[in-house]
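Asker: Provided below are the primary sequence and the corresponding predicted coordinates.
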Amino acid sequence: MLFPKKITLKITLTGTPINRVLLVPDSISLIELYAMITFLFEWDKMRNHAFRFKREGKWVELTSKTTLAQLRLLPGEEMGLVYDYPAGKCLEHTIEVLSLQDLPKPLKDYVPTCTSAEYASPGEDMRGLQSLKANWTEFSGKPAPELWLIDDSLNFFWKYTR
């Protein structure tokens with residue numbers, strides 16, 4: 001029997017020192033991770049995007065519902081998140097697995113946490129919360145909450161998307 005894991009991810013805007021360290025359960029889906037990255041980097045809105053992951057020289061097929069547990073990530077592995085912009089410009093995040101640990105409490109009681117952030121976001125298209133409000137149903141599949149509470153634990157994602 002596999003026990004739920006807590007994964008420490010370092011998410012870096014590729015080519016810059018801008019990064020965030022995030023602790024998430026391995027049950028998180030890629031669309032939930034994408035929404036958290038959108039918030040943590042204060043991007044303006046949800047964009048066309050794709051996750052890329054290569055293991056042993058072969059590309060792994062991913063969908064928005066793929067969970068980190070399904071990927072069986074290992075410390076030191078990396079995946080990419082690429083955003084396409086209408087003008088042909090692309091931004092990419094490098095997502096590095098720093099560690100895997102057993103969850104110290106039941107999954108239902110766990111909340112993702114941003115443990116550190118280096119440097120501000122680059123300033124383009126930054127409206128963080130407005131973006132989330134406008135695109136909530138798209139990534140959560142649920143109606144937007146009436147009350148928006150935001151704290152460092154990212155509790156609002158967990159409360160309203162689970």
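Answerer: Looks like it arrived, so ask away. Keep in mind that this is a model prediction, so the values were computed, not measured. Numbers count the residues shown, from 1 in each chain.

Asker: ok, now how distant is the closest residue to residue 80 other than its chain neighbours from residue 115?
Answerer: The shortest distance from residue 80 to any non-neighbouring residue, by Cβ to Cβ, 6 or more residues apart in numbering, is to residue 52 (4.2 Å). C-beta: built from backbone N, CA, C; applies to glycine. As for residue 52, its distance to residue 115 is 25 Å (criterion: Cβ to Cβ, to the nearest Å).

Asker: which residue ranges form the strands in the protein?
Answerer: Taking DSSP state E as the criterion, the chain carries its strands at 5-13, 19-25, 48-55, 58-59, 78-84, 90-102, 113-118.

Asker: before we move on, back to that, between residue 52 and residue 115, who's got more neighbours?
Answerer: residue 52 (14 against 11; other Cβ atoms under 10 Å).

Asker: contacting residues around the more buried one?
Answerer: Going by Cβ atoms under 8 Å, 6 or more residues apart in numbering, residue 52 touches 59, 62, 79-82.

Asker: by average pLDDT, which secondary structure element in this protein comes out worst?
Answerer: Lowest by mean pLDDT, DSSP states H and E among the helices and strands of the chain is helix 155-161, with a mean of 56.
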